[in-house]
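# What follows is a protein structure lacking sequence information:
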């Protein structure tokens, strides 16, 4: 839980003819995180094939299949995990078979689709002509007389009164007339008339005003409209018949095509050396032998397989070859693992911080949002998501855990839906014991900052950075100086009856001074991995001193920043007081009983939604900026194995 799953590096050398079989085996096992050995170069060799060309072909097939399914109104699933039911591993032959099976369906469906589009277009054209003829008829205009005009330019249009006014402004001061003919909806049908010489000017004015021209045409033949509708229905019926017959076939073809895309994308990472193909990747150590046995079986024993541990590989030790990260946290910690990944992915050597993050997150959230009733609402909402909306399972778990933390601190505060007289306070009341709460918050901050420094010491030591772990600003040396500083502050602010003894303070200060004096000598004695810089010793000492002072100041500000826990807890209680004041004011009005109950319910709902969100953001800020910055370096690569999402019945995957 605190460490990444141990990985082993796997390298496989197989004849080119077994490359496809190896790819299928790796995808079926779902255990290998592939490393790009080809670096974008196509494979070569006598028996190798052009992976990029085949991959483009399979992608084109998948796009065409989905396009056909879309024309049929079908939604096809993703790849089922079978390249071919016969277990064929020749991608080129499989592509030809897919093309041969797809082409007849494509021809039939395309023909019916084009017929449907033509029928739709014809019907739309006739319907538009019918609508315009209805407008002309409603305006009382004879189309034949309009078309016979020789000395008069007459145009019919449809638009608003403002557009008609614009036309009049554009045509003036010439002789013209704008005549409203019929009103329908928000627009008018009007005629624009003028001398025949103004025909082009009238057309330009209509276009500039944005009016819809109405052609003085006779209505279309009703029989022609019926024939267009019948043609559209016939084309639809043909597509429905194709859908019933073709969708199952298209689903199988798409599964094979997209599986081919997946396997070829993986094979594009392989490298070719003459007649042999090389693939490399990372596999969980506990499954390494299982994958080795499966690969040997898939190739008939023709594969040469090497397994190495990361610590035995100079490339991994130097960081040139990154080890992917796989964490197996319990289901209750999984939502917090996703929140950690928002900040970054830990490297292979780092301690996995999800458990520390989860405990501190729930502790701070409960302290800021402590209320039995509000926590119960959060828990109920989370349970509904957990039980009925499996897509948001992690959010449901997170809400239930946050609600439980809120209820626990609500019991300690004696608060239920803001009421503080129903339950006794087992610990304190934030708004009344604010100074005490602030001291508790700062203490918690000191604990988390110290924990972050300790985790950094462990991470640095595991990475072989002994100097940084012992004498770095975020190492054991910086942590000790931070603790001395905190002891001095405690001695200064706390009463003498609770303060640290003076002799202990003096011993700590003496030890800190001795470490400051001996640090350069001890650093020179320790072995270094990193080369020394060209700077003189006194400059290095000055830089280290400035960095140390800056770091200690940042530690202090990080610790003080946790005062916001007490502040938000007090705000939470203060909002409840304000809400009850509003409820009491409403209760004095007419129908005040119903209004006060409504205000109480809506007010608590607003507190849960808005303040709950605000508190969550503040907790994440404290986690990311005050805690994670002490030890979290990140830069890890998530473990993404090549795998198929399922398996077709009776087929190889």
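Alright, I've got the coordinates. Being a predicted model, the structure only gives us computed values, none of them experimental.
# how far away is residue 285 from residue 292?
Distance, residue 285 to residue 292, by CB to CB, to the nearest Å: 12 Å. Where you see a C-beta, it was placed from the backbone N, CA and C, and this is true even at glycine.
# wait, I meant residue 309
Using CB to CB, we find residue 309 at a distance of 14 Å from residue 292.
# With neighbour numbers in mind, choose between these two.
Under the criterion of other CB atoms under 10 Å, the comparison of residue 309 against residue 292 puts residue 292 first, with 18 against 14.
# what sits against the more buried one?
Taking CB atoms under 8 Å, 6 or more residues apart in numbering, we find residue 292 in contact with 10, 305, 307.
# Over to residue 358?
Taking CB under 8 Å, 6+ apart as the contact definition, residue 358 lies against 332-333, 336, 401.
# And the strand or helix carrying it, what's buried?
Secondary structure from DSSP states H and E places residue 358 in helix 354-368. Of the residues in helix 354-368, 354-358, 360-368 count as buried by neighbour count, 16 or more other CB atoms under 10 Å.
# Could you do stretch 282-302 as well?
Result for stretch 282-302 [16+ other CB under 10 Å]: buried residues 282-284, 287-288, 291-292, 294-296, 298-299.
# From those, which land in strands?
Among those, the members found in strands (DSSP state E) are 282-284.
# could I get those residues as a markdown table with distance to residue 473 and pLDDT?
As requested, those are exported to a markdown table (distance: CB to CB, whole Å; pLDDT from 0 to 100):
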| residue | distance to residue 473 | pLDDT |
| --- | --- | --- |
| 282 | 33 | 95 |
| 283 | 38 | 95 |
| 284 | 36 | 95 |
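# Export these to TSV and append columns for distance to residue 165.
Output for these, formatted as TSV (distance: CB to CB, whole Å):
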residue	distance to residue 165
282	75
283	78
284	77
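# And the residues you listed, which is closest to residue 460?
Nearest to residue 460 among these is residue 282, at 23.9 Å by CB to CB.
# for the closest one, what are its contacts?
Contacts of residue 282 (CB under 8 Å, 6+ apart): 7-10, 32-33, 35, 323-324, 639.
# Helices - which of the residues you listed land there?
Judged by DSSP state H, the subset of those located in helices is empty.
# what about the closest residue to residue 562 other than its chain neighbours, how many neighbours?
Nearest in space to residue 562, with sequence neighbours left out and distances taken as CB to CB, 6 or more residues apart in numbering, is residue 445 at 2.9 Å. Using other CB under 10 Å, residue 445 is surrounded by 23 other residues.
# ok, now how distant is residue 445 from residue 286?
Residue 445 is 39 Å from residue 286, where distance means CB to CB.
# what about the protein, any weak spots by pLDDT?
1, 39-50, 78-89, 135-150, 184-185, 217-218, 493-506, 508-509, 512-545, 645-653 (pLDDT under 70).
# Identify, by residue count, the longest helix of it.
Ranked by number of residues, the top helix in the chain under DSSP H is helix 91-138.
# Residue 381 and residue 397 touch, don't they?
No: counting by CB atoms under 8 Å, residue 381 does not reach residue 397; the two are 11.9 Å apart.
# what's the burial count for residue 134?
Residue 134 has 14 neighbouring residues, counting by other CB under 10 Å.
# buried set for stretch 194-214?
Going by 16+ other CB under 10 Å, stretch 194-214 has these buried residues: 194, 198, 201-202, 205-206, 209, 211, 214.
# So which of the contacts of residue 292 wins on neighbours?
residue 10 (24 neighbours).
# Quick check: closest non-adjacent residue to that one.
Of all residues not flanking residue 10 in the chain, residue 283 sits nearest, at 5.1 Å (CB to CB, 6+ apart).
# and what of residue 54?
Here the nearest residue to residue 54 in space, its sequence neighbours aside, is residue 91; by CB to CB, 6+ apart that works out to 5.3 Å.
# all helices for the stretch 201-350 of the chain, in order.
Counting by DSSP state H, counting those that start in this stretch, one finds helices in the stretch 201-350 of the chain at the ranges 222-267, 288-298, 314-318, 334-343.
# elements contacting the last one?
Okay, so that is helix 334-343. For helix 334-343, the packing partners by 3 or more CB pairs under 8 Å, 6 or more residues apart in numbering; DSSP states H and E come out as helix 354-368, helix 393-413.
# Taking helix 334-343 as reference, get the angle to the shortest one.
Which is helix 354-368. Between the axes of helix 354-368 and helix 334-343, defined by axes from the mean of the first three to the mean of the last three CA atoms, to 10 degrees, the angle is 100 degrees.
# got the angle for helix 354-368 vs helix 393-413?
Inter-element angle recorded for helix 354-368 and helix 393-413: 50 degrees (by the same axes, to 10 degrees).
# And helix 354-368, how far out from the chain middle?
23 Å (CA atoms, centre = their mean, to the nearest Å).
# ok, then the element right after it?
Using DSSP H and E, the helix or strand that follows helix 354-368 in sequence is helix 372-388.
# in that following helix, what's buried?
Quick answer for helix 372-388 (16+ other CB under 10 Å): 372-379, 381-382, 385-386.
# residue contacts, residue 456?
When contacts are taken as CB under 8 Å, 6+ apart, residue 456 is in contact with 469, 474-475, 630-631.
# so what's it closest to, chain neighbours aside?
Spatially, and ignoring its direct neighbours in sequence, residue 456 is nearest to residue 631 (3.7 Å; CB to CB, 6+ apart).
# my guess is the one you found meets residue 459, correct?
Yes: with contact defined as CB under 8 Å, residue 631 counts as touching residue 459 (5.8 Å).
# shared neighbours of these two, anything?
Counting by CB under 8 Å, 6+ apart, the shared contacts of residue 631 and residue 459 are 350-351.
# follow-up on the earlier one: so the residue nearest to residue 10 makes contact with residue 7?
Yes: contact status for residue 283 versus residue 7: in contact at 6.9 Å, counting by CB under 8 Å.
# circling back: please identify which of the contacts of residue 282 is nearest to residue 68.
Relative to residue 68, the closest of those is residue 32; by CB to CB it sits at 33.9 Å.
# mind listing what that closest one touches?
For residue 32, the contact set (CB under 8 Å, 6+ apart) comprises 10, 26, 281-283, 291, 641-642.
# Ok, residue 90 next?
Contacts of residue 90 by CB under 8 Å, 6+ apart are residue 20.
# how far away is it from residue 18?
12 Å.
# and what of residue 229?
Distance, residue 229 to residue 18, by CB to CB: 60 Å.
# quick one: which of the two has more around it?
In this view residue 229 and residue 18 are compared by other CB under 10 Å, and residue 18 has more residues nearby, 20 against 15.
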